[in-house]
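Student: with the input below, show me the fold.
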Amino acid sequence: MGIFKTKKNKRYSYTPRFYKSERSPFEIKHKFDDHRVTIEKTNLKGKFTNAINDFKTNPNSIANKRVFIIILILIFVFLWIIDFDLSIFF
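Tutor: The predicted structure follows:
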């Protein structure tokens, strides 16, 4: 009776008729994978160092400054909401 057996998926050898490319049409790949350096390492330290290096060598430094300012503003808003005493910073 196969109570504990699961049904296996069927495999088909389908090839698209009008697809003209070197790569497989069924390959799932993100469109920005060619430009990223942070997806290579598997450990957390390697990912963090790659992200910092990518942040430092980014040619669009105005966007980096904008992101940093937005993060600082959000941190101060969060501290204001939880009624943290900001006078210790001044």
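Student: determine the longest helix present in this structure.
Tutor: Looking only at the chain and at elements set by DSSP state H, the helix with the highest residue count is helix 61-81.
Student: which elements pack onto that one?
Tutor: Packed against helix 61-81, as judged by 3 or more CB pairs under 8 Å, 6 or more residues apart in numbering; DSSP states H and E, are no other helices or strands. C-betas here are computed from N, CA, C, even on glycine.
Student: pull out the buried positions in it.
Tutor: Of the residues in helix 61-81, none are scored as buried under the neighbour-count criterion (16 or more other CB atoms under 10 Å).
Student: export that helix to PDB, keeping only CA atoms.
Tutor: Included here for helix 61-81 are C-alpha records, laid out as PDB according to Å, rounded to 0.1, in the frame of the first residue of the first chain:
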ATOM      1  CA  SER A  61      29.300  58.000  -3.300                       C
ATOM      2  CA  ILE A  62      26.400  60.400  -3.100                       C
ATOM      3  CA  ALA A  63      24.000  57.500  -2.700                       C
ATOM      4  CA  ASN A  64      26.200  56.100   0.000                       C
ATOM      5  CA  LYS A  65      26.000  59.300   2.000                       C
ATOM      6  CA  ARG A  66      22.300  59.500   1.400                       C
ATOM      7  CA  VAL A  67      21.700  56.000   2.800                       C
ATOM      8  CA  PHE A  68      23.900  56.800   5.800                       C
ATOM      9  CA  ILE A  69      22.000  60.000   6.600                       C
ATOM     10  CA  ILE A  70      18.600  58.200   6.300                       C
ATOM     11  CA  ILE A  71      19.800  55.400   8.600                       C
ATOM     12  CA  LEU A  72      21.000  58.000  11.200                       C
ATOM     13  CA  ILE A  73      17.600  59.800  11.000                       C
ATOM     14  CA  LEU A  74      15.700  56.600  11.500                       C
ATOM     15  CA  ILE A  75      17.800  55.700  14.500                       C
ATOM     16  CA  PHE A  76      17.200  59.000  16.100                       C
ATOM     17  CA  VAL A  77      13.500  58.800  15.400                       C
ATOM     18  CA  PHE A  78      13.400  55.300  17.000                       C
ATOM     19  CA  LEU A  79      15.300  56.600  20.000                       C
ATOM     20  CA  TRP A  80      12.800  59.500  20.300                       C
ATOM     21  CA  ILE A  81       9.800  57.100  20.100                       C
END
